[in-house]
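> Structure, please.
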Amino acid sequence: MSSFLARLQSRYSIIGSSFQVLLGSGKNSDHPSSEQVIIKPHKVTVKSVEDAQKAVRKFIDENSLGAGSWYAADAGWVFENGKKFCRIAYNGSIHQD
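Numbers count the residues shown, from 1 in each chain. The predicted model follows:
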């Protein structure tokens, strides 16, 4: 098991660290002529990486975002105690920073 996976597994749903997830949407260059939802990226405090995943899915669903708009905002980054820890992809998977 990689050190990242070991760290992630140990912090996945443990409360104690301070976690924030970056949410937002940008202009999708694949659809330049369509009406798009653009939301300034902002950090939201969550209790765990698992809660960050839930916050990401809720944000995407509530704003009817496609993957292009999600990635255009550089959204999905999870910060642990102020430092980038991992990124939540549009499909909910977790990736090392």
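> Neighbours of residue 89, how many?
When neighbours are counted by other C-beta atoms under 10 Å, residue 89 registers 15. Heads up, the C-betas are built off the backbone N, CA and C, glycines and all.
> where does the chain have low pLDDT?
In the prediction, the chain carries residues with pLDDT under 70 at positions 1-16, 28-36, 72, 97.
> Give me the longest helix you can find in it.
When the chain is scanned for its longest helix (criterion: DSSP state H), the result is helix 49-62.
> CA atoms only: put that one into CSV for me.
Extracted C-alpha coordinates of helix 49-62, given in CSV (Å, rounded to 0.1, in the frame of the first residue of the first chain):
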residue,chain,number,x,y,z
VAL,A,49,-12.5,13.3,3.6
GLU,A,50,-15.7,11.3,3.4
ASP,A,51,-17.7,14.4,4.2
ALA,A,52,-15.7,16.3,1.5
GLN,A,53,-16.8,13.7,-1.0
LYS,A,54,-20.4,14.2,0.0
ALA,A,55,-20.0,18.0,-0.2
VAL,A,56,-18.6,17.7,-3.7
ARG,A,57,-21.4,15.5,-4.9
LYS,A,58,-24.1,17.7,-3.4
PHE,A,59,-22.5,20.9,-4.9
ILE,A,60,-22.2,19.3,-8.3
ASP,A,61,-25.8,18.0,-8.2
GLU,A,62,-27.4,21.2,-6.8
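> ok, and what's touching it?
Defining contact as C-beta atoms under 8 Å, 6 or more residues apart in numbering, one finds that helix 49-62 is touched by 8, 11-13, 19, 21, 23, 44, 46, 65, 70, 75-76, 78, 85-86, 88, 90, 92, 94.
> List the buried residues in that helix.
When neighbours are counted by 16 or more other C-beta atoms under 10 Å, the buried residues of helix 49-62 are found to be 49, 51-53, 55-56, 59-60.
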